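1. The following block contains a protein sequence and its predicted model.
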Amino acid sequence: KYEGQTADVISLASIEVQIGRRLDGIVGLDLFTRYVVEIDYVTNEIRLHDPLTYTYSGAGESIPLTLRDGHFFVPARIQMPGRPALEGQFLVDTGGVMVTAVLTTPFSQSHNLPASDQKTISDNSLSGLGGETRLIISRATSFTLGNMSIRAPVVYVSRDTGGALASSDYDGLIGS
């Protein structure tokens, strides 16, 4: 039933080049606000459940999402080498398939990340729906979401001066 529904049409070419395969589309916020959405990365399936009747029975942890300005956010903690752990609010980007986390320019600059003696690689090859972005690739000591901690993940540090990754409204984004 599609009455009263809208769809936006945009080119996914820049993202297709990045991930090396064709994309059929992007699932929007409406789906996530209407259903419990189960993303099964192993089987490449998305299952929708009625939120009124769904009961989670797995061994995972429930992480609270905050909906703000049409985006989901979660609290997370990142620790860079030789630095104390930093708490932040991270935008959930299920389309960010190539990254664990991207730190926004204001967050990284306010905490002097990465450290000047830390090994990094400059990368201007990534892009999203907003276009190209300037990043530094580095490695964190850990990235923690709820009780799950990823040790030594590759993270991206934005050097953008405009656009989403230059925003001070949040501290970074988490890819899928």
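-> Perfect, thanks for sending it. Numbers count the residues shown, from 1 in each chain.
2. so is the nearest residue to Tyr56 once chain neighbours are set aside in a helix, a strand, or just coil?
-> If you skip the residues right next to it in sequence, Tyr56 has Ser62 as its closest partner in space, 6.9 Å away by Cβ to Cβ, 6 or more residues apart in numbering. For the C-beta atoms, the positions are set from N, CA and C on the backbone; glycine is no exception. Per DSSP: H, G, I helix; E, B strand; the rest coil, the secondary structure class of Ser62 is coil.
3. Tell me how far Ser62 lies from Tyr41.
-> Distance of Ser62 to Tyr41, given as Cβ to Cβ, to the nearest Å: 18 Å.
4. got the buried residues for stretch 62-79?
-> 71-74, 76, 78-79 (16 or more other Cβ atoms under 10 Å).
5. And the contacts of it?
-> 29, 32-33, 56, 85-92, 101, 103, 140-146, 155, 169-170, 172, 174 (Cβ atoms under 8 Å, 6 or more residues apart in numbering).
6. Recalculate using a threshold of 6 Å.
-> Surrounding stretch 62-79, the residues in contact under the criterion Cβ atoms under 6 Å, 6 or more residues apart in numbering are 29, 85-87, 89-92, 140-146.
7. could you give me the average pLDDT of stretch 144-164?
-> Per-residue pLDDT values across stretch 144-164 average out to 92.
8. Flag every buried residue along that stretch.
-> By 16+ other Cβ under 10 Å, the buried positions in stretch 144-164 come out as 144-145, 153, 155-160, 164.
9. same thing with stretch 9-29?
-> Along stretch 9-29, the positions that meet the burial threshold by neighbour count (16+ other Cβ under 10 Å) are 12, 15.
10. if we can go back for a sec, out of the buried residues of stretch 62-79, the closest to Glu45 would be?
-> Phe72 (20.5 Å; Cβ to Cβ).
11. returning to that earlier point: next step: the contacts of stretch 62-79 restricted to strands.
-> In strands, defined here by DSSP state E, the members of the contacts of stretch 62-79 are 86-87, 89-92, 142-145.
12. what would these look like in TSV with distance to Arg21?
-> Formatted as TSV, those follow (distance: Cβ to Cβ, whole Å):
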residue	distance to Arg21
Leu86	34
Glu87	35
Gln89	31
Phe90	26
Leu91	24
Val92	22
Ser142	30
Phe143	26
Thr144	31
Leu145	27
